[in-house]
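Enquirer: next comes the sequence, and after it the predicted model I'd like to discuss.
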Amino acid sequence: MQPQVVSRILCVTALTAVVIMVCTTGSAAQTPSHSGSLYKDPAGAFTVSVPANWEAQREAGSPLVSFVNAKNQASISMGVIHGDKAITPTPDKELEMIQGQFSQNCPQAKIQKRGPTTLGGLNGAFLLVNCTNANGGLEVMKFAVASKPGLLLVLNSASPEPNYAALLPAFNSMEQSLRLLKGASAQADPSPAPAGHVNASAPMQSGSGIYRDPQGRYQLTVAEGWSAEPQAGSGALQLTSGPSWAMIMTGSGSVPSDVNHQVTQQIQAQFTGFQLLNEGDLQVNGHPSHGTTATGINPKGERVSVLVLSISAGSGHFLTVISSSPNDQAKTMNAAVMKMAQSIRFAGE
């Protein structure tokens, strides 16, 4: 087996799908090959028939299980995500959020097909996408989502385009054999949060206090007038105040400036008249960071101010904050975003 190849495929999937998975080389726990056997999720959420030559990998802190075919550089991830029944997204809404990440994570993404599907016995929807990866190769990715109140079932697959046709029978076989177990449907809604805090799966209204990452990686204080809403399954956090918004995402890299430049370049590719205004190293609550401010016309034809802030969480892990606001509100909104960033506390602090 080739761990470096497997890690690349998992990172591609994590960057372009709403998936709770951190891209770290060799961090996934591996199990022996499942040669045409029935795999039962250790959490009791689902079963799936796994063809020969595919290996299961679990990422710590993620509800997803990935099955990897290292020879063909392919992976398929699946899992059950529980949340508040009142705010469970529809499959189409979840796919909209996935598609919304393409501009940042796969600017050349081309949707080949979309439509309804059935996943684990639930009605759902899917997207089939071609994406050019960081090495210039073409990847074929499928994102399938099904839901019912309190439960989101996700399945994401990825493979190099030249290998896709040969792998399609295996992808289809695993997708069609996916079955929910009774334990997955019976799990109760999360308990109410303590006073002064909020359930991480529900939208946080303005002035409601501290947001705690459901995976325990960080917490922050939400500024007055802003709302916070976790993006189901992705580990990302959406912050909103009127026409302004900010997104907090996890990632990996070597130094803050490299992480920041990569994200900024992805954004620049989507803008017209993109202009860098300022950038430099700084400390964010004692952590090495790199910030960039810019302006340009976004894909909606609006001139906005952009702030990109990459914060080192240690051991090659990063939080990146991306914000957008109308130019005439930039000073106030950027100050609010920086204040929230300065309030971030990582696990163990």
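Expert: Alright, I've got the coordinates. Just so it is clear, the model here is predicted, and its values are computed rather than measured.
Enquirer: so what's residue 181 up against?
Expert: Remark: with contacts taken as CB atoms under 8 Å, 6 or more residues apart in numbering, residue 181 is in contact with 40-41, 44-47. C-beta coordinates here come from the backbone N, C-alpha and C atoms, glycine included.
Enquirer: count of neighbours near residue 337?
Expert: Taking other CB atoms under 10 Å as the criterion, the count of residues near residue 337 is 25.
Enquirer: that one in helix, strand or coil?
Expert: Here residue 337 is helix, with the state taken from DSSP: H, G, I helix; E, B strand; the rest coil.
Enquirer: quick one: residue 260 and residue 291 touch, right?
Expert: Yes - here residue 260 reaches residue 291: they are 7.2 Å apart, a contact under CB atoms under 8 Å.
Enquirer: what touches both of these two?
Expert: When contacts are counted by CB under 8 Å, 6+ apart, residue 260 and residue 291 have 279, 308-310 as shared neighbours.
Enquirer: which of those fall in strands?
Expert: Among the shared contacts of residue 260 and residue 291, the members falling in strands (DSSP state E) are 279, 308-310.
Enquirer: gap between stretch 56-71 and the chain center?
Expert: Its chain's average C-alpha position is 15 Å from that of stretch 56-71, according to CA atoms, centre = their mean, to the nearest Å.
Enquirer: likewise stretch 279-287?
Expert: The answer for stretch 279-287 is 24 Å, by CA atoms, centre = their mean.
Enquirer: just the mean pLDDT for it, thanks.
Expert: In this model, stretch 279-287 has a mean pLDDT of 92.
Enquirer: return the set of buried residues in that stretch.
Expert: Burial within stretch 279-287, assessed by neighbour count using 16 or more other CB atoms under 10 Å, is assigned to 279, 284, 287.
Enquirer: now tabulate these in a markdown table and tack on distance to residue 268.
Expert: Compiled in a markdown table, those are given as follows (distance: CB to CB, whole Å):
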| residue | distance to residue 268 |
| --- | --- |
| 279 | 12 |
| 284 | 22 |
| 287 | 25 |
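Enquirer: ok, so of the residues you listed, who is nearest residue 78?
Expert: Distances from residue 78 to these, taken as CB to CB, are shortest for residue 287 (34.2 Å).
Enquirer: show me what the longest helix anywhere in the chain is packed against.
Expert: In the chain, taking DSSP state H as the definition, the longest helix is helix 161-177. On a contact count with 3 or more CB pairs under 8 Å, 6 or more residues apart in numbering; DSSP states H and E, helix 161-177 meets strand 46-50, strand 64-69, strand 74-82, strand 138-148, strand 151-160.
Enquirer: could these go into a markdown table alongside mean neighbour count and distance to residue 264?
Expert: Output for the helices and strands packed on helix 161-177, formatted as a markdown table (neighbours: other CB atoms under 10 Å; distance: least, CB to CB, whole Å):
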| stretch | mean neighbour count | distance to residue 264 |
| --- | --- | --- |
| strand 46-50 | 20 | 39 |
| strand 64-69 | 25 | 29 |
| strand 74-82 | 24 | 28 |
| strand 138-148 | 23 | 23 |
| strand 151-160 | 25 | 25 |
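Enquirer: show me this protein divided up by domain.
Expert: The record's domain parsing of the chain by automatic domain parsing lists 3-186, 210-346.
Enquirer: out of these, which gets the lowest mean score?
Expert: Set side by side, the domains of the chain differ in mean pLDDT, and domain 3-186 is lowest with a mean of 76.
Enquirer: and residue 159, how far is that from residue 170?
Expert: Separation of residue 159 from residue 170 (CB to CB, to the nearest Å) stands at 10 Å.
Enquirer: whoops, I mixed them up, residue 219
Expert: Distance, residue 219 to residue 170, using CB to CB: 41 Å.
Enquirer: who has more neighbours, those two?
Expert: Residue environment comparison for residue 219 versus residue 170 gives the larger neighbour count to residue 170, 21 against 17, counting by other CB under 10 Å.
Enquirer: can you tell me which of the buried residues of stretch 279-287 lies nearest to residue 239?
Expert: Taking CB to CB as the measure, residue 239 sits nearest to residue 284 out of the buried residues of stretch 279-287, at 15.8 Å.
Enquirer: list the contacts of the closest one.
Expert: Contact partners of residue 284, counting by CB under 8 Å, 6+ apart, are 309, 311, 341-342, 344.
Enquirer: same deal with residue 110?
Expert: When contacts are counted by CB under 8 Å, 6+ apart, residue 110 is found next to 129-131.
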